[in-house]
Each structure stands twice: as structure tokens, then as C-alpha cells.
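Provide a 3D model corresponding to the input given below.
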Amino acid sequence: MSTLHANIPIKPAYVDLHIHSTASDGSLLPAEIIEIANKVGLRAIAITDHDTLEGSIEALRHQHSSGLEILSGIEISASFDSGTMHILGYLMRLDDASLIETLKVVQEARANRNVQIVKRLQHLGADISYDELLEVSGGGQIGRPHIAQVLVRKGIVENMDGAFNKLLKKGRSAYVERYRLLPVEAFQTILRAGGVPVLAHPFTLNAETEGDLDTILADLKQAGLKGVEVYHPAHGPALTAQYERLAHRHGLLVTGGTDFHGTAKPGIHIGIGRGGLRVPYRLVEELKRCAASGLRPYSVTP
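Have a look, this model is predicted:
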């Protein structure tokens with residue numbers, strides 16, 4: 001485990017609100033994530049797995065013994081024509097019937113897509129089976145990173161980047177489009193469960209100018225967006241400043257996290273990203289105030 005984090009003490013006032021576990025495409029169990037978060041001295045974390053609450057549910061089982069504040073979390077893909085949109089949800093009621101039903105639909109669509117990708121790879125001559133994906137995922141949600149891992153393991157491609165660039169990313173021969181919620185559907189799903197929807201890593205929207213992103217954020221806020229992930233390892237100082245400026249301009253919350261995946265994204269460490277990321281605890285307090293201002297109070301009881 002030592003290769004997946006840096007032994008750099010972090011003051012208790014810092015948090016990591018974007019972490020992936022084995023419930024989706026991360027390489028560490030929620031309990032292992034909690035162990036590292038404690039080791040580096042974080043005060044709070046959120047496990048935000050793709051389209052599933054299982055990582056959050058498991059982490060929250062350790063809430064009282066962990067010494068950490070653990071926020072319920074998720075990352076939901078939403079449709080967006082010119083780029084990729086991911087919506088982070090925080091502080092949702094994990095037993096909300098509407099949330100559970102919506103995620104079931106999304107998960108089924110994801111599973112069907114994975115089957116189609118495997119069929120395309122087999123048609124292209126790749127010796128790969130769906131059972132191998134189940135093994136690599138360890139029972140969690142299967143995604144393209146798991147498919148890439150199998151391709152690398154079997155020597156079909158040299159590395160993860162090669163798997164995506166040659167076969168799996170949009171426009172490549174094994175890419176399959178999948179069902180995604182509309183942004184407003186993702187927002188409302190999170191809001192109905194008492195949570196707070198936040199736009200993850202805005203650079204993936206591929207907005208060409210700050211003015212373009214300004215317009216996008218105005219529309220998303222109108223649809224129910226409550227925050228923007230400003231702090232992220234892929235955001236240099238200029239982007240961080242731009243996203244913070246736009247968030248304040250639109251009255252949106254600021255959040256941040258490492259987008260930690262473990263071995264799937266080497267060099268990214270819980271709590272500090274590539275070494276310099278620091279996300280202050282006050283952002284958690286602002287998220288909680290936002291959730292509490294809704295019609296119903298949030299609960300983290302699994």
C-alpha cells in the first residue's frame with residue numbers, strides 16, 4: 001500500500017472529496033482508503049464511485065471507528081455534446097428510493113455497454129472475455145479502465161493510455177456510446193435525495209474560452225447545479241483561479257479532491273494529489289450548510 005500514498009503529514013484541516021474505491025474503478029477497498037486518509041491526517045473524505053453508492057455505504061460503516069468525517073458521495077456521468085460531464089453528489093440519503101432506482105437504470109446501461117465493448121474487441125481479434133472483467137473488477141462496477149487493465153495484462157496493448165488511445169476512447173474502433181442522464185436529471189436525482197450536486201473537473205467539458213464556460217455554468221445553475229470542483233490535480237494555477245472566479249461569480253460552492261484511483265492513476269495520492277493539493281475543511285462545512293438548507297435534512301446512516 002505504501003506505493004499508493006506519500007508519507008507527508010497533512011494538517012487536520014484538510015479533506016479529500018473525490019476518491020474512487022474498488023466499488024467502481026479504484027484499486028483500494030474503502031477500509032484501505034480510510035487507513036491512508038488517517039495516516040496522512042485528513043479530517044474528512046468522500047468516496048465518490050462511478051454510478052454506485054456501494055463505496056460510500058461501506059465507508060460509512062466505519063464512520064465511528066475511523067476517526068474521520070465521512071460524507072456520502074457518488075460521481076454520475078451526464079450527457080454533454082462537446083465534452084464529458086461528470087457530476088459529483090454529496091451528503092445524499094443512501095436509502096432514497098428515487099436515487100436507488102435511477103442508479104439501477106444507469107448501472108444496467110453500463111453493464112450492457114461493457115458487453116458490447118467486449119464483443120467489439122473480440123470482433124477485432126482481441127482474446128478477451130467478460131469473465132476476465134468480472135475478475136479484475138473484484139465484484140465492483142465494471143468500467144473501461146477494467147477493460148484496459150485486461151488488455152494490458154494480456155499484452156494486447158502496452159499500457160492503459162494505449163488501450164484508450166487505440167481502442168476505447170470516443171472515435172476508436174471498440175468505443176460504444178452509452179446511456180447517460182441529462183444534466184438536469186443528474187442534479188434532480190441528487191437533490192431529491194437531500195444531496196448537493198457539484199460539477200467535477202470542468203476542463204473535461206472542453207469549453208474553448210472562459211466566456212463559454214461562464215455560459216455553461218449559468219445554464220447548469222439554472223438546472224440545479226450547486227457547486228464546482230475547483231481543486232483537482234489536473235487543474236494548474238491558472239485553471240484553479242479561473243474556476244474559483246467563475247464559481248464565485250455564479251454563487252456556486254467550491255469543492256475539491258484528488259480523483260484518486262490507486263494503481264489506475266499512478267502518481268495521484270490521497271489528500272495531496274501529486275503533492276501540492278490542499279482542500280480546506282471549510283468547504284465541507286459549506287456543503288453541509290447547503291444540504292441543510294434543502295426541504296429535508298440529509299442523513300449518512302447506511
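
Following element in sequence after the longest helix seen in the chain, please.
In the chain, with assignment by DSSP state H, the single longest helix is helix 97-123. Remark: after helix 97-123, the chain's next helix or strand is helix 130-137, criterion DSSP states H and E.

Figure out how far that next one is from the centre of its chain.
21 Å (C-alpha atoms, centre = their mean, to the nearest Å).

what's the answer for stretch 29-48, then?
The answer for stretch 29-48 is 15 Å, by C-alpha atoms, centre = their mean.

same thing with stretch 274-284?
16 Å.

mind saving the C-alpha coords of that stretch as PDB?
Output in PDB follows, covering the C-alpha atoms of stretch 274-284 (Å, rounded to 0.1, in the frame of the first residue of the first chain):
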ATOM      1  CA  ARG A 274       0.700  15.000  -7.000                       C
ATOM      2  CA  GLY A 275       2.000  16.600  -3.800                       C
ATOM      3  CA  GLY A 276       0.700  20.200  -3.700                       C
ATOM      4  CA  LEU A 277      -3.100  19.800  -3.500                       C
ATOM      5  CA  ARG A 278      -4.700  21.100  -0.300                       C
ATOM      6  CA  VAL A 279      -8.500  21.200   0.100                       C
ATOM      7  CA  PRO A 280      -9.600  23.000   3.300                       C
ATOM      8  CA  TYR A 281     -12.200  21.600   5.600                       C
ATOM      9  CA  ARG A 282     -14.300  24.800   5.500                       C
ATOM     10  CA  LEU A 283     -15.600  23.500   2.100                       C
ATOM     11  CA  VAL A 284     -17.200  20.600   3.900                       C
END
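
List the buried residues for it?
Across stretch 274-284, burial judged by 16 or more other C-beta atoms under 10 Å covers Leu277, Val279, Pro280, Tyr281, Leu283, Val284. For the C-beta atoms, the positions are set from N, CA and C on the backbone; glycine is no exception.

Please flag which of those residues sit within strands.
Val279, Pro280 (DSSP state E).

Among the buried residues of stretch 274-284, which one lies nearest to Val198?
Closest approach to Val198 among the buried residues of stretch 274-284 (C-beta to C-beta): Leu283, at 10.1 Å.

and the residue nearest to that closest one when sequence neighbours are not counted, helix, strand or coil?
Among residues not flanking Leu283 along the chain, Thr255 sits closest, at 5.5 Å (C-beta to C-beta, 6 or more residues apart in numbering). Put simply, Thr255 is strand when judged by DSSP: H, G, I helix; E, B strand; the rest coil.

again, but for Ala186
helix.

List the residues that contact it.
Ile76, Ala78, Ile87, Gly89, Pro197 (C-beta atoms under 8 Å, 6 or more residues apart in numbering).
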